[in-house]
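# Sequence first, then the predicted structure, then my questions.
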Amino acid sequence: MGTSMRKGLQAVVMAGAMGAALALSAGQAHAATGVTANSAFININAAADKANQIIINPSGSNITVIDNGDTVTAGAGCTQLSANSVSCPAGTRTILLSAGDRNDTVILRASLRATLNGDAGGDTLQTIDSTQRAVLVGGDGNDTLIGGAGDDEIVGGAGRDIMDGNAGNDRLGAIDGVGGNDSSNGDTGTDICPGDVGDQEFDCES
C-alpha cells in the first residue's frame with residue numbers, strides 16, 4: 001500500500017472516530033431530566049438509565065422541579081436554577097411526568113393536577129400533599145403508589161404493587177392478570193378497587 005493511500009485511510013478512520021466521539025458527547029449532554037412548560041402543561045421527561053429522585057415543590061406562583069438522581073435541563077417556558085433544579089410557572093397547569101426506566105422516586109408537593117408515569121422499574125410515586133386529582137401509573141415493576149386528597153386514579157401495572165388512595169373518591173386498579181400480588185388501600189372516601197382474585201383490598205367500597 002502506498003504512503004498516500006495509507007494517509008488517506010488514516011484520515012478516514014480519524015474522521016470516523018471523531019464523529020463517533022462527538023455523537024457520543026452530544027448524547028451524553030442531552031442525557032438529563034428535561035422540563036418544559038406551555039400554557040396548559042408542565043412536561044417532565046427523565047432520561048434513560050437513571051434512578052431519578054424527582055421532587056416537585058411549590059414556590060410562590062411557580063413550582064421547582066428537583067432531581068437528586070440526575071441533572072435537570074430547563075426547556076421552553078422554564079428557568080434553570082442549578083444543575084439539578086429548574087423553575088416553571090404553576091398557574092392552573094397540569095403536570096405530565098415520565099420517570100423512565102430503573103427504580104425512580106417522584107414526590108409531588110404542589111397542588112396541581114398531574115399524570116405521573118413510573119414506567120419500567122420499581123417506582124415510588126407520591127402526591128400525598130396535593131389536593132388536586134392525580135393519575136398515577138406504576139408500569140412494570142414492584143411499585144408503591146400513594147395518592148393525595150383529590151379524586152385519584154391509581155394503576156399498578158405488572159408486578160407486586162402497593163397502592164393507597166388517601167383522601168378523596170379514588171379508583172385503584174390492580175388488575176394485571178396475576179392474583180394475590182397487589183395491595184389496595186382506598187383509605188377515606190368512596191373508593192373503587194378492581195383487582196385480581198387473591199389481591200388484598202382495604203377500605204374499598206367496591
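Great, that's in hand. Not measured: the values here are computed from a predicted model.

# Which parts of this structure are helices?
For the chain, the helices defined by DSSP state H cover 3-29.

# Domain map for it?
Domain assignment for the chain by automatic domain parsing gives 1-30, 33-202.

# among these, which is the most enclosed?
Mean neighbour count (mean count of other CB atoms under 10 Å) peaks for domain 33-202 among the domains of the chain, with a mean of 20. Using the backbone N, CA and C atoms, a C-beta is placed for each residue, glycine as well.

# what about that one, how long is it end to end?
End-to-end distance for domain 33-202: 36 Å, by CA to CA, to the nearest Å.

# want to throw the domains of the chain into CSV with mean pLDDT?
Formatted as CSV, the domains of the chain follow (pLDDT from 0 to 100):
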stretch, mean pLDDT
domain 1-30, 41
domain 33-202, 97
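
# right, and residue 74 touches residue 83 too?
No. Applying CB atoms under 8 Å as the test, residue 74 and residue 83 come out as separate, 10.9 Å apart.

# residues contacting residue 53?
Taking CB atoms under 8 Å, 6 or more residues apart in numbering as the contact definition, residue 53 lies against 67, 68, 69, 104, 105.

# ugh, wrong one, I meant residue 163
Counting by CB under 8 Å, 6+ apart, residue 163 touches 144, 145, 146, 154, 156, 172, 174, 182, 183, 184, 185.

# separation between it and residue 182?
Separation of residue 163 from residue 182 (CB to CB, to the nearest Å): 7 Å.

# Find residues that contact each of the two.
Common contacts of residue 163 and residue 182 (CB under 8 Å, 6+ apart): 156, 174.

# Grab the CA positions of stretch 170-177 and hand them over as PDB.
What follows is stretch 170-177, C-alpha atoms only, in PDB (Å, rounded to 0.1, in the frame of the first residue of the first chain):
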ATOM      1  CA  ASP A 170     -60.400   7.100  44.300                       C
ATOM      2  CA  ARG A 171     -60.100   4.300  41.800                       C
ATOM      3  CA  LEU A 172     -57.200   1.800  42.500                       C
ATOM      4  CA  GLY A 173     -56.700  -0.600  39.600                       C
ATOM      5  CA  ALA A 174     -54.700  -3.700  40.500                       C
ATOM      6  CA  ILE A 175     -55.800  -6.000  37.600                       C
ATOM      7  CA  ASP A 176     -52.600  -7.400  36.000                       C
ATOM      8  CA  GLY A 177     -53.600 -11.000  35.400                       C
END
